[in-house]
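Trainee: this one's sequence-less:
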């Protein structure tokens, strides 16, 4: 039935509710169409290595060489899965993982893990593990101007080994060498003030993507740390960001994905920062979210979302 015939039929029946529904559908058609035609739910990770329920997953990462998936759970552990979601291994206290917050891999597959303070380790740090997941050393970030305690949260590592680190409530990003020496600082600005940064990621060309939860903005820098582009708008409706928590780059399609914690959605932008569509929404069934908190894309183009209060990692594919 065409749209015209649909209106004609409903008007002839004086069905006011149907008319109202039609206009609601009309104005929401682009998002609805994108959800139904573009995004395919594939599967979910819901248990750990011991087949216990996955608790409050806060971060997800892909090892592209081994095609393994890494997840940080609510116990501060790192859970490792095969690409087909089979649990392989768990890194916990006996391996030097006490309070994992975020992670990244360098070009040699060394694993860098941000860790908060804990009972056994009173200072926040970045713990480094070799490609066999054996502890190598810890990096402590000290003498950050204006901050007595810099607690590293999210991080990314470029091909030169430079570590980009975000801390909670810090107005910017630190660029470090492997010993923790501060090479540079990046300070995105809005109206002449530095903004707090929530997440950092890199693409394969070395571009740096910074996300501000407070501002609802994404800032893109080149590999020399020069600002190229800023986009995004704070708000609670489609095309805006309420409390964005994570950003990831789809190298296959040139898309930029942003996980919005409060809108329970993933917003999708093109490489110029133009909004395209979103998917998800508040719910408990597959394909819906309850406070998504992290997102990444693997080399096969699968989108992985840490669905925090639904206690799962959901996998999607774009048709």
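Mentor: Now that the structure is in, tell me what you want to look at. What you are looking at is a predicted structure, and each value in this text was computed from that prediction instead of being measured.
Trainee: where does the chain dip in pLDDT?
Mentor: For the chain, residues meeting the criterion pLDDT under 70 lie at 1-37.
Trainee: can you tell me, leaving aside adjacent residues, what's nearest to residue 173?
Mentor: residue 186 (4.4 Å; CB to CB, 6 or more residues apart in numbering). The C-beta positions use only the backbone N, C-alpha and C, and glycine is treated the same way.
Trainee: how near is that neighbour to residue 225?
Mentor: Relative to residue 225, residue 186 is positioned 6 Å away (criterion: CB to CB, to the nearest Å).
Trainee: name the residue in these two with the higher neighbour count.
Mentor: Set residue 186 next to residue 225 and count neighbours by other CB atoms under 10 Å: residue 186 wins out with 19 against 15.
Trainee: assess the claim that the more buried one and residue 172 are in contact.
Mentor: Yes - using CB atoms under 8 Å, residue 186 is in contact with residue 172, at 5.7 Å.
Trainee: just to revisit the earlier point, who touches the residue nearest to residue 173 in this structure?
Mentor: The contact partners of residue 186, taken as CB atoms under 8 Å, 6 or more residues apart in numbering, are 164, 172-173, 175, 208, 210, 221, 225.
Trainee: do that again at 10 Å, thanks
Mentor: 164, 172-175, 194, 197, 200, 208, 210, 219, 221, 225-227 (CB atoms under 10 Å, 6 or more residues apart in numbering).
Trainee: over to residue 110?
Mentor: Residue 110 neighbours (CB under 10 Å, 6+ apart): 104, 128-131, 133, 136, 157, 161, 178.
Trainee: could you pick out the buried ones from the residues you listed?
Mentor: 104, 128-129, 133, 157, 178 (16 or more other CB atoms under 10 Å).
Trainee: picking that back up, the residue nearest to residue 173 and residue 156, how far apart?
Mentor: 12 Å.
Trainee: shared neighbours of the two, anything?
Mentor: Common contacts of residue 186 and residue 156 (CB under 10 Å, 6+ apart): 164, 173, 200, 208, 210.
Trainee: how close does the third one get to residue 247?
Mentor: This means residue 200. 8 Å.
Trainee: what residues are shared contacts of these two?
Mentor: With CB under 10 Å, 6+ apart as the test, residue 200 and residue 247 both reach 154, 209-211, 219.
Trainee: now render those as CSV, adding secondary structure, neighbour count and distance to residue 40.
Mentor: Below are these laid out as CSV (DSSP: H, G, I helix; E, B strand; the rest coil; neighbours: other CB atoms under 10 Å; distance: CB to CB, whole Å):
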residue, secondary structure, neighbour count, distance to residue 40
154, strand, 26, 28
209, strand, 21, 25
210, strand, 25, 30
211, strand, 27, 26
219, strand, 26, 31
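Trainee: now find how far off-centre the helix or strand that contains residue 153 is within its chain.
Mentor: Take DSSP states H and E as the rule and residue 153 turns out to sit in strand 152-157. Chain-centre distance of strand 152-157: 12 Å, with CA atoms, centre = their mean, to the nearest Å.
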